[in-house]
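S.K.: what's the 3D shape of this:
(2 chains)
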Amino acid sequence: MFPRSDTTKPLYVQIAEWLENEILAGNLLPHERIYSQYQLADMFNINPATAAKGLTILLEEGLVYKKRGLGMFIAEHAQANIHKKRREQTLQLLIRELVTEAHNLGVEESELLEMIHQAITSRKDGSS
Amino acid sequence: MNVIECRQLSKSYYRKRALQDLSFSIREHTITGVIGRNGAGKTTLMKIIAGFYRPSSGEVTVFGERPFNSLKVSQNMIYIDDQMPLPTSLTLLDILHMAGRFYPNWDHDLATRMLNYFSLHPEGRHHQLSKGQRSTFHAIVGLAARCPLTIFDEPTTGMDSSIRKDFYRALLKEYLSHPRTILLSSHLLNELEDLLEDVLLIHQGKLLFHMPIDELREYAVSITGPEKLVERVTADREIYHQQHTGSNVYTTVVRRDASILEAARQHGLETAPVSPEDICVYVTKQTKGRIDDVFNRNQP
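M.R.: Next up is the predicted model:
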């Protein structure tokens, strides 16, 4: 469950992404209380200051809001906003990387599209 | 609030300068890793903070008082290392009972549960313990004392890796439930970095830096690629470390910022983060040449 697999990202960013994934998956619902820095510290065995930094990212992006003395809660449109952000930024970035790598390897456009098509087909077969 | 403040703190033993002009402060309820090579001055610094030694010059205050001969500091502080002179005539359980009389926040239940978890016999004697068991016992005393200032000097000496992990976990659990100011010295930064909030790096008696671990994690970047290209991109930058792999692959470690990342990206060079442990090793390199050179005596 630990997001540690991608070690190139700073720990607090990994915490933020883990929380985003929880919201995206619907495990944390709007106006529900999000984990505190101390709960996250206990769960992931990290310093609570690092966990707090991860929570701050979500706060700055408006995905959570603060209630004084009560903690942080999931914002109304958090799930939709994460969805939008991932589509516009993360997916676009991955596609650019994919295209660059294909170019470096001399893979033709039609060949690349065929490979993507195959990957989609095999995923469909696998999940059905 | 600052629990510890040092201003131009220096310490000399006879002619040897052990600490030189250290100025820093430690905030309440933080876990700080005191990191440095062997002989860097970690123990001297922590023993001055504990009030065991008097500084040669400069000033140190702990809870607002000079720690040397301070009743307030000794009441609120515990110093744990692997050489605690504990009585050989008492059983481990007796020692825990004694400790409970010294420390007002002592949690005896926690102490005995940990003694049991780590399979230390309550009727055992301190001098009969192995090196690792002794460290474990001291760590139990350090955690159960719940002192507002808890200093661990190389607490994991001799512990096997499974016990070290348990100790770090216990330390974090205790810190979460009973926040306190913790200093933790070690040279194994890798395995305790997740636990830390700040890092204090000492080298040859001087303070190299004191910064949040999250900043240190993004302090430097390694750049890898063809030698000429890497040299061009990292020209006029301070190079912390360099390494050749094969005939034409070259890696350098430099300070990380947006412009270097962009330049590396434009030239198609590989970038990778540098772990806090590696940065500490690079900036405290004091040996002449490399260990390989020791074995290549006949070569020019």
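S.K.: pretty sure B:Gly225 is touching B:Ala272, no?
M.R.: No: using Cβ atoms under 8 Å, B:Gly225 is not in contact with B:Ala272; the gap is 11.6 Å. (C-beta placed from N, C-alpha, C; glycine too.)
S.K.: neighbour count winner among those two?
M.R.: B:Gly225 (20 against 13; other Cβ atoms under 10 Å in any protein chain shown).
S.K.: Compute the number of surrounding residues for residue 123.
M.R.: Since no chain was named, I'll use chain A. Close neighbours of A:Arg123, defined as other Cβ under 10 Å, add up to 10.
S.K.: looking at chain B here, not the other one
M.R.: 8.
S.K.: show me the contacts for it.
M.R.: Residues counted as contacts of B:Glu123 (Cβ atoms under 8 Å, 6 or more residues apart in numbering or on different chains) are B:91-93.
S.K.: buried subset of those residues?
M.R.: With burial judged by 16 or more other Cβ atoms under 10 Å in any protein chain shown, the buried subset of the contacts of B:Glu123 is B:92-93.
S.K.: how would you label residue 19: helix, strand or coil?
M.R.: This is for chain A. State at A:Leu19, reduced to three classes by DSSP: H, G, I helix; E, B strand; the rest coil: helix.
S.K.: next one: phi and psi at A:Met72?
M.R.: Backbone geometry at A:Met72, expressed as degrees, to the nearest 10, gives phi -110, psi 150.
S.K.: Show me what the helix or strand containing A:Ile120 packs onto, helices and strands only.
M.R.: Using DSSP states H and E, A:Ile120 sits within helix A:109-127. With contacts taken as 3 or more Cβ pairs under 8 Å, 6 or more residues apart in numbering or on different chains; DSSP states H and E, helix A:109-127 sits against helix A:91-104.
S.K.: Do the helix it packs on and chain B come into contact?
M.R.: No: Helix A:91-104 does not reach chain B (Cβ under 8 Å from any Cβ of the partner chain); its nearest approach is 8.5 Å.
S.K.: list the buried ones in that helix?
M.R.: A:Ala102.
S.K.: so that helix versus helix A:109-127, what angle?
M.R.: If you take axes from the mean of the first three to the mean of the last three Cα atoms, to 10 degrees, helix A:91-104 sits at 130 degrees to helix A:109-127.
S.K.: Could you report the pLDDT at the residue most central in space within chain A?
M.R.: Nearest to the geometric centre of chain A sits A:Glu17, at 3.9 Å (Cα atoms, centre = their mean). For A:Glu17, the pLDDT comes out at 94.
S.K.: where does chain A have low pLDDT?
M.R.: A:1-8, A:127-128 (pLDDT under 70).
S.K.: Just the CA trace of stretch B:177-186, in CSV.
M.R.: Coordinates of each C-alpha in stretch B:177-186 appear next as CSV, following Å, rounded to 0.1, in the frame of the first residue of the first chain:
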residue,chain,number,x,y,z
SER,B,177,1.4,9.9,21.2
HIS,B,178,3.8,11.9,23.5
PRO,B,179,5.5,14.6,21.5
ARG,B,180,8.9,15.6,22.7
THR,B,181,12.1,17.1,21.4
ILE,B,182,14.4,14.3,20.2
LEU,B,183,18.0,14.4,19.0
LEU,B,184,19.2,11.2,17.3
SER,B,185,22.8,10.7,16.2
SER,B,186,23.7,8.2,13.6
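S.K.: Check whether it comes near chain A.
M.R.: No: shown here: stretch B:177-186 not in contact with chain A (Cβ under 8 Å from any Cβ), separated by at least 8.9 Å.
S.K.: How about that stretch, which residues are buried there?
M.R.: Quick answer for stretch B:177-186 (16+ other Cβ under 10 Å): B:180-186.
S.K.: Take those residues and keep only those in strands.
M.R.: B:181-186 (DSSP state E).
S.K.: Nearest to chain A among these?
M.R.: Closest to chain A out of these is B:Ile182 (10.5 Å), distances taken as Cβ to the nearest Cβ.
S.K.: what are the phi and psi angles of the closest residue in space to the closest one that isn't next to it in sequence?
M.R.: Nearest residue to B:Ile182, sequence neighbours excluded (Cβ to Cβ, 6 or more residues apart in numbering or on different chains): B:Ile31, at 4.5 Å. For B:Ile31, the backbone dihedrals are phi -110, psi 120 (criterion: degrees, to the nearest 10).
S.K.: Would you agree B:Ile31 is in contact with A:Pro48?
M.R.: No: B:Ile31 lies out of contact with A:Pro48 (Cβ under 8 Å); the separation is 9.4 Å.
S.K.: that older thread, any chance of the ones in strands among the buried residues of stretch B:177-186 in CSV, plus distance to A:Glu109?
M.R.: As requested, those are arranged in CSV below (distance: Cβ to Cβ, whole Å):
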residue, distance to A:Glu109
B:Thr181, 60
B:Ile182, 58
B:Leu183, 59
B:Leu184, 55
B:Ser185, 58
B:Ser186, 54
